[in-house]
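# below are the sequence and a predicted model for it; my questions follow.
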Amino acid sequence: MATQPLPGFRDFYPTDFAFRAHIFETWRRTCQRYGFEEYDGPPLEPLELFTTKSGDEIVGQLYNFTDKGGREVALRPEMTPTVARMVAARAGGMKKPIRWFSIAQHFRYERQQRGRLREFYQLNADLIGETGPLADAELIALSIDLVRGFGLGSGDVRVRLSDRRLIRRAFELRGLTEAQQQAVMQVYDKFGRVPQDVSLLKLQEAGLASGDIDALLRLAGVRDFAQLGEGTPDAASLLEAAQPLVEARNALVSMGLGEWIDLDLTIVRGLAYYTGTVFELFDAGRTLRAIAGGGRYDGLLQQLGGVDLPAAGFAIGDVVLGELLRERGLEPEAPAPVQVFVAGVTPEDTPEVLATAHRLREAGFRVEYALRPEAVGKQLKLADARRASLAVVIGPDDRARGEVQLKDLRHKTQLAVAVAELQAALTAALAT
RNA sequence: GUGGUUGUAGCUCAAUCGGUUAGAGCGCCGGACUGUGGCUCCGGAGGUUGCGGGUUCGAUCCCCGUCAGCCACCCCA
């Protein structure tokens, strides 16, 4: 029998599960602080829902099949088409802007690598029905707080910020053909990872004039709005196109998050449905894949749901973030499975052990006891292995006096407690 | 999908030039400790050396294939 999961799929042993739960809980709390409401959709959707947005080529990266009713279906590779459908179906009845988030498992049939599996969890946050730069800033702020919540700082994670409107303006100013624009985007995507002369050669091959090449490579190196118009006749036009982005950045500065932001026009973010602001979160050392990414996609709800609403959103995955947290030693300690271990001295004490344990469980304590008669020493050893803070030891003498021995396993102390006082004593001891 | 690289116990690793019954630590199970834990000591289980084939008297070791992990490319919604 196979003992390994399928390639790109993970087993979550209790330690792994606790780590995952910690990520989800931190995400959920943070989204709620921003007033976002949680939703979910079906993990299995009509294939068409995904090909409408991304074209037929995407099928190569989908877990798709024909179901027993003859329907072409696919496991969701992303959440956006589902949200678009859900929002569109009830758009008329919902107060705008809509703030929604989901934490859901997604599936992509791709060759796995570090930071990229065939199954992963992803938080999606979308803000629908608002076009202004403050909406973009709101989402970027949320994405920052989503990683801050784990103890990561602006020295660990950087936000790269760009805007399709600004890129488009730069292309228009230079009169680039569609093919040339594609070439520039490809060069931008690899900018900083390949030598400058390789980039240069690529752009020459695409037939760009040397003046255009200089201007576009200069833009690729811009890291601040002040640099945007430096030494170029395009200055006024570029700065005008950059206006929404400037406003979004200023909003983030007002929130005290300006430290996290780098202007970086080379972020490409795959396919072309982004219409405005785009951003990505990366580890500061750039050794991992992108942690999160998103932007404004004002035409997408019309295309997918038939309702014309502006929207922006982003996703953050559990895989790369998890790797970064492990790298930084920010994994939380898994919670102890047991708070109170109840031990009996003799087999005759077992009924009292069971009664006590169950009473404590009903009172909400996490309680365990030995499932067969064993020496007290053994039972305490088990209590220790289960990381119990407290032990309750019950023997014939204790029963005769209506007492139990309450033992604090952390502080190595012990005292006799009347049975009636036990719950109060446990609560008090756990608070120390 | 393409190329490179690595696979030995649950985990981390060892095994001389191709040589006898593949070892160690940690972990796990049991015992020494019959009213009190973490320590110590003793014992035990656990391996088709990823899998299949080839070369050889003999393969963990060399060769081929395959599967899986990792890395790069492609892609990245």
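Looks like it came in fine. Numbering: from 1, shown residues only, chains lettered A, B, ... in the order given.

# going forward, measure contacts and count neighbours with C-alpha atoms only.
Fine.

# domain ranges for chain A?
The record's domain split for chain A, according to automatic domain parsing, is A:14-327, A:340-430.

# turn those domains into CSV, including mean neighbour count, distance to A:Q4 and mean pLDDT.
Listed next are the domains of chain A as CSV, based on neighbours: other C-alpha atoms under 10 Å; distance: least, C-alpha to C-alpha, whole Å; pLDDT from 0 to 100:
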stretch, mean neighbour count, distance to A:Q4, mean pLDDT
domain A:14-327, 18, 15, 93
domain A:340-430, 17, 27, 95
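
# now render those domains as a markdown table, adding distance to RNA strand B.
As requested, the domains of chain A are exported to a markdown table (distance: least, C-alpha to the nearest atom of the strand, whole Å):
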| stretch | distance to RNA strand B |
| --- | --- |
| domain A:14-327 | 3 |
| domain A:340-430 | 3 |
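
# can you pull out the helices in the stretch 201-350 of chain A?
Per DSSP state H, counting those that start in this stretch, the stretch 201-350 of chain A carries helices over the ranges A:210-221, A:225-228, A:235-241, A:243-254, A:300-305, A:318-327, A:350-362.

# residues making contact with the shortest one?
Applying C-alpha atoms under 8 Å, 6 or more residues apart in numbering, the contact partners of helix A:225-228 are A:L219, A:V222, A:A235, A:L238, A:L239, A:V246, A:L263.

# same question for the first one.
Applying C-alpha under 8 Å, 6+ apart, the set of residues contacting helix A:210-221 from outside is A:170, A:174, A:184, A:188, A:191, A:200, A:203-204, A:228, A:232, A:264-266.

# A:L288: which of those residues is nearest?
A:L288 lies nearest to A:F191 out of the contacts of helix A:210-221, by C-alpha to C-alpha, at 16.2 Å.

# beta partners for the closest one?
Beta bridges link A:F191 to A:V194, judged by DSSP bridges.

# wait, it sits on A:L200?
No: in this structure A:F191 lies outside contact range of A:L200 using C-alpha atoms under 8 Å: 10.5 Å.

# need the overlap of contacts for those two.
Counting by C-alpha under 8 Å, 6+ apart, no residue touches both A:F191 and A:L200.

# what sits against the residue nearest to A:A179 when sequence neighbours are not counted?
Nearest in space to A:A179, with sequence neighbours left out and distances taken as C-alpha to C-alpha, 6 or more residues apart in numbering, is A:A206 at 7.6 Å. Counting by C-alpha under 8 Å, 6+ apart, A:A206 touches A:A179, A:Q180, A:A183.

# pull the residues that contact stretch A:387-401.
Contacts with stretch A:387-401, where a contact means C-alpha under 8 Å, 6+ apart, come from A:336-346, A:348-349, A:352-353, A:380, A:383, A:403-410, A:426, A:429-430.

# quote the end-to-end distance of it.
With C-alpha to C-alpha, to the nearest Å as the measure, stretch A:387-401 spans 29 Å from end to end.

# what about that stretch, distance to the chain center?
Between the centre of stretch A:387-401 and the centre of its chain there are 45 Å (C-alpha atoms, centre = their mean, to the nearest Å).

# cool, stretch A:31-38 as well?
Worked out by C-alpha atoms, centre = their mean, stretch A:31-38 lies 14 Å from the chain centre.

# so what would you say the end-to-end distance of it is?
Note: stretch A:31-38 ends 9 Å apart using C-alpha to C-alpha.

# ranges for the helices of the stretch 51-200 of chain A?
A:80-90, A:133-148, A:164-174, A:178-190, A:196-205.

# elements contacting the longest one?
It refers to helix A:133-148. helix A:14-33, strand A:119-128, helix A:243-254, strand A:292-296, strand A:311-317 (3 or more C-alpha pairs under 8 Å, 6 or more residues apart in numbering; DSSP states H and E).

# who are the packing partners of the helix or strand harbouring A:L382?
Secondary structure assigned from DSSP states H and E places A:L382 in helix A:376-385. Packing partners of helix A:376-385 (3+ C-alpha pairs under 8 Å, 6+ apart): strand A:340-344.
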